[in-house]
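Q: show me the folded form of this:
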Amino acid sequence: MTFHEFVLAANNQTSKQRQGQAYFNLLVEAQPSLAAQIRGTDLDPFHDEARIPAFLQHVRDKWPK
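A: As a prediction, this is how the structure comes out:
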């Protein structure tokens, strides 16, 4: 899965989950080690959707090429 595919897939889940939940839950599946690094930090969007822009920037920067 590419970063672009990740974003599209997470956006498709927002009818079932809040956007922050969808992004983080999919990251757990797609890149579990990256999700573990983010969990509980100021980048974690699960409970705070205002963190989504910084989360996406960080994930894009760290996404395997």
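Q: where does the protein dip in pLDDT?
A: Applying pLDDT under 70 to the chain picks out residues 14.
Q: quick one: the helices in it?
A: For the chain, the helices defined by DSSP state H cover 3-12, 19-30, 32-38, 52-62.
Q: give the other helices and strands that the third one contacts.
A: Based on contacts counted as 3 or more Cβ pairs under 8 Å, 6 or more residues apart in numbering; DSSP states H and E, the elements that helix 32-38 packs against are helix 19-30, helix 52-62. Heads up, the C-betas are built off the backbone N, CA and C, glycines and all.
Q: most tightly packed of these?
A: Mean neighbour count (mean count of other Cβ atoms under 10 Å) peaks for helix 19-30 among the helices and strands packed on helix 32-38, with a mean of 19.
Q: what's residue 31 sitting at in phi/psi?
A: phi -140, psi 70 (degrees, to the nearest 10).
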